[in-house]
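[1] the sequence and its predicted three-dimensional model are supplied below.
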There are 2 protein chains.
Amino acid sequence: MLMALAGGVGGAKLAAGLERVLGDGLSVVVNTGDDFEHLGLAISPDLDTVMYTVAGLNNPVTGWGLAGETWEFMAMLERLGGESWFRLGDRDLAVHVERTRRLNAGESLSLVTAALCARLDIRCRIVPMSDDPVRTVVLTDSGELPFQDYFVRLECEPSVRGLRFEGVSSAAMSEQFASAFDAPSLAGIVICPSNPYLSIQPILALKDVEARLRKRRVPAVAVSPIVGGQALKGPAAKIMVELGLEASALEVARHYRGLIDGFVLDQTDAGLADAVASLGIRPRVTDTIMRDTGGATALAQRALAFLEELS
Amino acid sequence: MLMALAGGVGGAKLAAGLERVLGDGLSVVVNTGDDFEHLGLAISPDLDTVMYTVAGLNNPVTGWGLAGETWEFMAMLERLGGESWFRLGDRDLAVHVERTRRLNAGESLSLVTAALCARLDIRCRIVPMSDDPVRTVVLTDSGELPFQDYFVRLECEPSVRGLRFEGVSSAAMSEQFASAFDAPSLAGIVICPSNPYLSIQPILALKDVEARLRKRRVPAVAVSPIVGGQALKGPAAKIMVELGLEASALEVARHYRGLIDGFVLDQTDAGLADAVASLGIRPRVTDTIMRDTGGATALAQRALAFLEELS
């Protein structure tokens, strides 16, 4: 049994690779700090990205949404003067409508997600980090912004001064998250190459999560989302600079110190391996760029082999 | 200024014909007894059918929905195990989502409808009969059924014993409906060829509507939805038989007695003209079948000429 922590695109790719190797021997715990209400719908972008990617339905070009998506709803909504800055594809919309209906009927986000995953023939468990609402708020030079306003509407343009996870102090880990942590069969933990600040930090900020990770009895590894000082996708490197940090894989390793035993760096960053080691974290240099599903599966296998070495 | 009362397909066609002749000199008051909540969305089928038909966006084959509609949302919803008996097209869905959002924000159905119509470049006023909820309940040999369950899910199969309009006793005419009635410029009233029981009766059942129609100071005409003992579309004739009535245009004229001065019959039913006249209602025999927009415009013109004669 393996537990992976993941957010958006990069994390979803590795989660899908892990699922191809482990099948139902995997629980992917997903950030819900990006969740928001839009047009009366409950939208969970990271859960959906992971779900679509694991199911092989994702759009590999955009990184979000469904392959072969159509946009008739959106075109009509624009004609009607509705809000159109957040693009909802016709098929994607079905997920939001069905999720919203079930949540309004009193089901937990965990239960709804499990039901959707079953329908999409997903073998692993995809688990929201919490069934309580947590909302990431971005503190920027233009003031506080709800996450999707920052991320989608303003395209990450404002400079980030800090982050706040609204509701996190009263939010509990979801039952499935806690039981994945406690499972006697748990053999390892992987922090996927998702944005450490926007995607992973909300998970770590939940009560007990960091403490449990520090006291882990199984090895944990993180895969760097920063390669050659750049994020492959998204604003991770930009945010690091804005927060006064060095945009580097080393900085990510430093960020996770105490929570992980091993750190997977891209071969581009081989020169940082010694510095990672000097943090007390075992480095593993390899090709981390997941160009296709084969690449993601290979990276998953290498991460699993690394975990085994660390046991 | 003309006021038309309308429900679904046939009524929408004539309303569109009237709009092509009168432009903004027309108010179409539409049945909302068919409205329902589905998948968390506020759906107003008759308002939408009138809106789409007047805007020229309607699907002329099905009679409901939009021309060139796509069904990606529905296909995905089915895959996810959602309810799929009520078909929501991708573009149609935008109307429901936008309407629901605005209603939840506190706007009245009248206001929302006016805003949607403006966006669709509709010149006439399309007016919900009431801003208060009225829900048609069909009393059948299989028990009481919400309207859409009877109409769509069960395809009008159960035998109808009666109808009930839930909420109608506490529902008020919408402000726009009342003011169309009171307008000094009102020159005539047309009851469109919609189902007299399912589409027009909910409007007539609203407090004051029948009384106002009986005391009208302008001529009123109805166009028969029954031609040769058959409804051109929908279950009107079937329901008439089930209610122990004769399925004929004459029976429709009898149903409207006291509310109308003239009655438009199809040439197929020319033989019923004398019997209509003996009810004290002036008959007008003409071709009432609206095969295309030209046919609907022609029928609208003949109805208007008939009204003028009755002034």
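    Here it is on my side, so go on.
[2] give the buried residues for stretch A:65-85.
    Residues of stretch A:65-85 classed as buried under the neighbour-count rule (16 or more other C-beta atoms under 10 Å in any protein chain shown) are A:65-66, A:69-74, A:76-77, A:79-80, A:82. Yep, even glycine has a C-beta here, placed from its N, CA and C like the rest.
[3] off-centre distance for that stretch?
    Distance of stretch A:65-85 from the chain centroid (C-alpha atoms, centre = their mean, to the nearest Å) equals 25 Å.
[4] quick one: end-to-end distance for that stretch.
    Start-to-end span of stretch A:65-85 (C-alpha to C-alpha, to the nearest Å) is 15 Å.
[5] list of residues touching it?
    Outside of stretch A:65-85, the residues within contact range by C-beta atoms under 8 Å, 6 or more residues apart in numbering or on different chains are A:38-39, A:52, A:57-60, A:87-93, A:152-153, B:69-70, B:72-73, B:89-95, B:97-98, B:101, B:115-116, B:119-120.
[6] A:P146 reaches A:V137, doesn't it?
    Yes - with contact defined as C-beta atoms under 8 Å, A:P146 reaches A:V137; the gap is 6.4 Å.
[7] between these two, which has more neighbouring residues?
    A count of neighbours by other C-beta atoms under 10 Å in any protein chain shown puts A:V137 above the other of A:P146 and A:V137, at 18 against 15.
[8] show me what that one is bridged to.
    A:P146, A:R164 (DSSP bridges).
[9] contacts only, for whichever residue of the stretch 151-300 of chain A sits closest to chain B.
    At 17.0 Å from chain B, A:R153 is the closest residue in the stretch 151-300 of chain A, using C-beta to the nearest C-beta. By C-beta under 8 Å, 6+ apart, A:R153 lies in contact with A:85-86.
[10] where's it relative to A:F147, distance?
    Taking C-beta to C-beta, to the nearest Å as the measure, A:R153 falls 10 Å from A:F147.
[11] what do you get for A:G89?
    20 Å.
[12] and what of A:S174?
    In this view, A:S174 and A:F147 are 19 Å apart by C-beta to C-beta.
[13] same deal with A:A270?
    Separation of A:A270 from A:F147 (C-beta to C-beta) stands at 34 Å.
[14] name the SS class of the closest residue in space to A:P225 that isn't next to it in sequence, please.
    Distance criterion C-beta to C-beta, 6 or more residues apart in numbering or on different chains; nearest residue to A:P225, sequence neighbours excluded, is A:P193 at 3.9 Å. Of the three states, A:P193 takes coil under DSSP: H, G, I helix; E, B strand; the rest coil.
[15] next, give phi and psi for A:P193.
    phi -70, psi 60 (degrees, to the nearest 10).
[16] wait, it sits on A:G10?
    Yes - the criterion here is C-beta under 8 Å, and A:P193 meets it with A:G10 at 4.1 Å.
[17] give me the number of residues near A:I203?
    28.
[18] relative to chain B, how far out is the nearest residue to it once chain neighbours are set aside?
    Of all residues not flanking A:I203 in the chain, A:M129 sits nearest, at 4.7 Å (C-beta to C-beta, 6+ apart). Separation of A:M129 from chain B (C-beta to the nearest C-beta, to the nearest Å): 22 Å.
[19] likewise for A:R101?
    From A:R101 over to chain B (counting by C-beta to the nearest C-beta), the distance is 5 Å.
[20] mind listing what's buried in the helix or strand hosting that residue?
    Using DSSP states H and E, A:R101 maps to helix A:90-104. Residues A:90-103 are the ones in helix A:90-104 that count as buried (16+ other C-beta under 10 Å).
[21] repeat for stretch A:154-172
    Neighbour-count burial for stretch A:154-172 flags A:156, A:158, A:160, A:163, A:165-168, A:171 (criterion: 16+ other C-beta under 10 Å).
[22] swap in stretch A:264-281?
    By neighbour count with 16+ other C-beta under 10 Å, stretch A:264-281 contains the buried residues A:264-266, A:268-269, A:272-273, A:275-276, A:279, A:281.
[23] what's near enough to touch A:T113?
    Under the criterion of C-beta under 8 Å, 6+ apart, the neighbours of A:T113 are A:44, A:47, A:51, A:126-128.
[24] can you flag which of these belong to helices?
    Mapping those onto helices (DSSP state H) picks out A:47, A:51.
[25] which one of the contacts of A:T113 sits closest to chain B?
    Using C-beta to the nearest C-beta, A:M51 is the member of these that sits closest to chain B, with 10.7 Å.
[26] the closest one: neighbouring residues, count only.
    The local packing of A:M51 (other C-beta under 10 Å) involves 24 other residues.
[27] continuing past the lowest-mean-pLDDT helix or strand in chain A, what's the next helix or strand?
    The helix or strand of chain A with the poorest confidence is strand A:230-231; it has a mean of 90 (mean pLDDT, DSSP states H and E). Moving toward the C-terminus from strand A:230-231, the next helix or strand (DSSP H and E) is helix A:236-242.
[28] hey, C-alpha coordinates of that following helix in PDB?
    Extracted in PDB, the C-alpha atoms of helix A:236-242 (Å, rounded to 0.1, in the frame of the first residue of the first chain):
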ATOM      1  CA  ALA A 236       5.900  27.300  -8.700                       C
ATOM      2  CA  ALA A 237       9.200  29.000  -9.700                       C
ATOM      3  CA  LYS A 238       7.600  32.400 -10.000                       C
ATOM      4  CA  ILE A 239       6.100  32.100  -6.500                       C
ATOM      5  CA  MET A 240       9.300  31.000  -5.000                       C
ATOM      6  CA  VAL A 241      11.100  34.100  -6.300                       C
ATOM      7  CA  GLU A 242       8.300  36.300  -5.100                       C
END
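[29] tell me the first helix or strand C-terminal of it.
    Per DSSP H and E, helix A:236-242 leads on to helix A:249-255 as the next helix or strand towards the C-terminus.
[30] touching that next one from outside, list them.
    For helix A:249-255, contacts defined as C-beta under 8 Å, 6+ apart pick out A:196, A:222, A:224-227, A:240, A:245, A:260, A:263, A:265-266, A:269, A:272, A:275-276, A:279, A:281, A:283.
[31] chain center to that helix, what's the gap?
    On C-alpha atoms, centre = their mean, the centre of helix A:249-255 falls 17 Å from that of its chain.
[32] the helix or strand following that helix packs against which elements?
    Counting by DSSP H and E, the element after helix A:249-255 in chain order, helix or strand, is strand A:262-266. Applying 3 or more C-beta pairs under 8 Å, 6 or more residues apart in numbering or on different chains; DSSP states H and E, one finds that strand A:262-266 contacts strand A:220-223, helix A:249-255, helix A:273-277, strand A:282-286, helix A:293-310.
[33] of the buried residues of stretch A:154-172, which pair is most distant in space?
    Largest separation among those by C-beta to C-beta: A:P158 and A:A171, giving 25.7 Å.
[34] per-residue confidence at A:L232?
    At A:L232, the pLDDT value in this model is 82.
[35] same deal with A:F306?
    pLDDT recorded at A:F306 is 98.
[36] you'd agree it is up against A:A220?
    No - using C-beta under 8 Å, A:F306 is not in contact with A:A220, being 10.7 Å away.
[37] if I look at these two, which residues touch both of them?
    Jointly contacting A:F306 and A:A220 under the rule C-beta under 8 Å, 6+ apart are A:G262.
[38] that's a helix at A:A42, yeah?
    No - A:A42 sits outside any helix when classified using three-state DSSP, being strand.
[39] that one: neighbour count?
    Residues lying near A:A42 (other C-beta under 10 Å) number 21.
[40] how close does it sit to A:L103?
    Separation of A:A42 from A:L103 (C-beta to C-beta) stands at 5 Å.
[41] again with A:T113
    A:T113 is 10 Å from A:L103, by C-beta to C-beta.
[42] next up, phi/psi of the residue of the stretch 151-300 of chain A closest to chain B, please.
    Here is the backbone geometry of A:R153 (degrees, to the nearest 10): phi -70, psi -50.
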